[in-house]
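Engineer: Need coordinates for the following:
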Amino acid sequence: MDRYPLLEIDINVIRRNAAAILRECRKRGIEPFAVVKGFNAIPEVMAAMADAGYKTLASSRLQHLAAAKDAGLPVKTLGLRIPMLSEVDDVVRICDISLNSQAETLRALDRASEAAGRVHNVILMKDLGDLREGIFDSGEFIKTAVYIERELRNLHLYGTGTNLTCYGSVIPTNENLSMLAEDTVKIEEAIGRRLEVVSGGGTSSIPLMMSGEMPKKINNLRIGEANALSCDLAGYWQCPIEGLSNRSFVLKAEIIEIGEKPTHPIGKLGINCFGDIPHYEDRGVRRRALLALGAFDVADPGKLIPDDPGIKVLGASSDHMIIDIHDSKCSYKLGDIVSFTLRYQAMLFSTECPCVEKRIIN
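Structural biologist: All right, here's what the predicted structure looks like:
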């Protein structure tokens, strides 16, 4: 008997998605890296990325990259998060490449690489306004790149890169990515060679690439979400790509209570269990169901997409999710199963949550 909540993971869909993204990138002279963090480096999904043709797997979690190494996958590994000083030895041991922005950290990596008897590849990150990692000032960015090349003998300046959208929600454009391209040209002129990689962001940079407006200097993207979930590309970004499907991850939950109730809480209102003050729309008495699924499993229930278009997700506490089924054409009853496809945050949390059963479909 199945246990719920249940996350079904279709490896064939994921492999086809990854192959479609690779095909579109390579048509345009871009060799992407596959980010495995969003699905918590599930071994079968990482293998699907390699099978599709990805040559480098990336994650902000060293445990994920160590698992890729231990599995013997024919790929390089990229550390996505700026290394902590306390982990530089592990970064050199586990990562073939790492993203960096701090001179002190780079010097620590250089010492760790020397002690390990190897040369470590680094991509120097520039902040183009999203205000997460990266060097903001162009002069300092170029100066740091030259410093790596000339002074840190156990590091190889592999490339330059930037991050957009993830924190500041800044959209990748020809204008902002051209700033990275121009600074990279200046770095190459200063060091007398071309860099292997100029990394122009992640999934949110795909629409710019597909439009033909990506600066020609950009030859890499770090793709996570689009390989697994296509809903934001097709919906928010209005950039559907042939061959992509959002059926790679399907979450199923069981109904534990069903009936009619008011839609607005009754009594004096304060904060909810998470310290928030939600807004409730009063739609009168409607039929609804309670699912054995909550924020503990998926973080934000609003990041679930019901398979039944007649269902509306109302909200959740830690362990209970409330859905409106009043307009559904299905006659739900106690014990029935409700299915959802996922947005990125729901994938991130449900793949990691030990209370969500996982089923691999090959």
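Engineer: Do a quick rundown of the helices in the stretch 101-250 of the chain.
Structural biologist: 103-116, 138-151, 174-191, 206-211, 225-228, 231-234 (DSSP state H, counting those that start in this stretch).
Engineer: Highest mean neighbour count out of the ones you listed?
Structural biologist: helix 225-228 (a mean of 27; mean count of other Cβ atoms under 10 Å). Placement of C-beta: from N, CA and C, glycine included.
Engineer: per-residue confidence averaged over it?
Structural biologist: For helix 225-228, the mean per-residue pLDDT is 96.
Engineer: quick revisit: CSV for the helices of the stretch 101-250 of the chain, including distance to residue 130?
Structural biologist: Below are the helices of the stretch 101-250 of the chain laid out as CSV (distance: least, Cβ to Cβ, whole Å):
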stretch, distance to residue 130
helix 103-116, 20
helix 138-151, 15
helix 174-191, 9
helix 206-211, 14
helix 225-228, 16
helix 231-234, 17
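Engineer: And those: which comes nearest residue 10?
Structural biologist: helix 225-228 (10.3 Å; Cβ to Cβ).
Engineer: Mind listing residues that contact that closest one?
Structural biologist: Helix 225-228 has contacts (Cβ atoms under 8 Å, 6 or more residues apart in numbering) with 14, 17-18, 21, 34-35, 38-39, 45, 49, 202-203, 206, 232-233, 241, 244, 248-249, 344, 347.
Engineer: and with 6 Å instead?
Structural biologist: 14, 17-18, 21, 34, 39, 203, 206, 233, 248, 344 (Cβ atoms under 6 Å, 6 or more residues apart in numbering).
Engineer: need those residues in JSON lines with distance to residue 129, can you?
Structural biologist: As requested, the contacts of helix 225-228 are exported to JSON lines (distance: Cβ to Cβ, whole Å):
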{"residue": "14", "distance to residue 129": "32"}
{"residue": "17", "distance to residue 129": "30"}
{"residue": "18", "distance to residue 129": "30"}
{"residue": "21", "distance to residue 129": "26"}
{"residue": "34", "distance to residue 129": "26"}
{"residue": "39", "distance to residue 129": "29"}
{"residue": "203", "distance to residue 129": "18"}
{"residue": "206", "distance to residue 129": "19"}
{"residue": "233", "distance to residue 129": "22"}
{"residue": "248", "distance to residue 129": "32"}
{"residue": "344", "distance to residue 129": "22"}
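Engineer: and the two most separated of those residues?
Structural biologist: Most distant of the contacts of helix 225-228, by Cβ to Cβ, are 39 and 206, 18.1 Å apart.
Engineer: buried sites along stretch 263-277?
Structural biologist: residue 263 (16 or more other Cβ atoms under 10 Å).
Engineer: Do me a favour and get the end-to-end distance for it?
Structural biologist: 16 Å (Cα to Cα, to the nearest Å).
Engineer: Likewise for stretch 318-329?
Structural biologist: 28 Å.
Engineer: Go through the protein and flag its longest strand.
Structural biologist: strand 249-262 (DSSP state E).
Engineer: And the helices in the stretch 251-362 of the chain, which stretches?
Structural biologist: Under DSSP H, counting those that start in this stretch, the stretch 251-362 of the chain gives helices at 295-298, 344-352.
Engineer: Tally up the residues packed near residue 236, please.
Structural biologist: Other residues near residue 236 come to 11 when the count uses other Cβ atoms under 10 Å.
Engineer: And it, how far from residue 344?
Structural biologist: Between residue 236 and residue 344 the distance is 11 Å, computed by Cβ to Cβ, to the nearest Å.
Engineer: How many neighbouring residues does residue 58 have?
Structural biologist: 29.
Engineer: That one belongs to a helix?
Structural biologist: No. Using DSSP: H, G, I helix; E, B strand; the rest coil, the secondary structure at residue 58 is strand, not a helix.
Engineer: May I ask you to confirm that it is in contact with residue 80?
Structural biologist: Yes. Contact status for residue 58 versus residue 80: in contact at 5.1 Å, counting by Cβ atoms under 6 Å.
Engineer: Pull the residues that contact the helix-or-strand element of the chain with minimal mean pLDDT.
Structural biologist: Lowest on mean pLDDT, DSSP states H and E among the helices and strands of the chain sits helix 231-234, with a mean of 94. With Cβ under 6 Å, 6+ apart as the test, helix 231-234 has contacts from 226, 239-240, 246.
Engineer: Tabulate the CA atom coordinates of it in CSV.
Structural biologist: Only the C-alpha atoms of helix 231-234 are listed here, as CSV (Å, rounded to 0.1, in the frame of the first residue of the first chain):
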residue,chain,number,x,y,z
CYS,A,231,6.0,26.0,-15.5
ASP,A,232,7.8,29.3,-14.9
LEU,A,233,9.5,29.3,-18.3
ALA,A,234,6.1,28.8,-20.1
